[in-house]
Every structure is written in C-alpha cells, then in structure tokens.
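> I'll drop the sequence and a predicted model, then ask my questions.
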Amino acid sequence: MGVAASLTLLGDAITKAEKFIDVFVSVYSLVILLYIVASWLRLPYSPWLNRIQRFLYDVSEPYLRLFRRILPSFGPLDLSPMIGIIVLLILGQVAIRILDQFH
C-alpha cells in the first residue's frame, strides 16, 4: 500500500468520524428533547409508554445530572436540558474542527 492510499484511508476515516460525531450530537439532542416532552405528559398507564419514558430517562438523566449539580436552582424551571444541549453542540463542533485539521 502506497502513501497516497494510506492518506486516502486516513481521510476517509476522519470523514466517517466527523459524520459519526455529527449524527451522535443530533440524535442525543433529539433524545433529550423527547425526554423533556415525555416528562410533561402524564398519560394513563401504558406499558409501552412507560418503557419509552424509562428509556429516555436512563439515557438522558446521567448527562443532565452533571449540569443540575452545577446550575443554581430556579424553582420549578430546569435549565439543565438547554445548557446540556448547548454544551453538546459546542463540544461536537470543537471535535469536528479538531478532526478537520487532520485533512
């Protein structure tokens, strides 16, 4: 394998890593937003809805808990999802820019 082929493979791997980061940030932001909406809904007992809400809680809550520890309490208003999504978007863009430097 030549140098050109190695650089092509490296560039392809970097592009795939950037795409993965972009999709991960988008999907995780969507999961957090769905978690917020699901927390507002109080529907009659449904096993499927309960499983979906539990999944969203299990996936979102550990990340949001980091920000709840740092942010001051604003009464019933929880700003941790908004701050969490903003930090996630910023970290995703920083990671993509770092990977772009290797192209």
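Arrived safely.
> what pLDDT does the model give the most centrally placed residue in the chain?
Centroid-nearest residue in the chain: residue 28, 3.0 Å away (criterion: CA atoms, centre = their mean). At residue 28, the model reports a pLDDT of 97.
> so where's this protein uncertain?
Confidence mapping of the chain against pLDDT under 70 gives the ranges 1-7.
> ranges for the helices of it?
Secondary structure of the chain, counting by DSSP state H: helices at 3-40, 47-70, 80-100.
> most tightly packed of the ones you listed?
Among the helices of the chain, ranked by average contacts under mean count of other CB atoms under 10 Å, first place goes to helix 80-100 (a mean of 15). All C-beta spots, glycine's among them, are computed from the backbone N, C-alpha and C.
> what packs against that helix?
Packed against helix 80-100 by the contact rule (3 or more CB pairs under 8 Å, 6 or more residues apart in numbering; DSSP states H and E) you find helix 3-40, helix 47-70.
> distance of the residue lying closest to residue 95 once chain neighbours are set aside from residue 43?
Computed as CB to CB, 6 or more residues apart in numbering, the closest residue to residue 95 that is not its neighbour in sequence is residue 21, at 5.2 Å. Distance from residue 21 to residue 43, counting by CB to CB, to the nearest Å: 35 Å.
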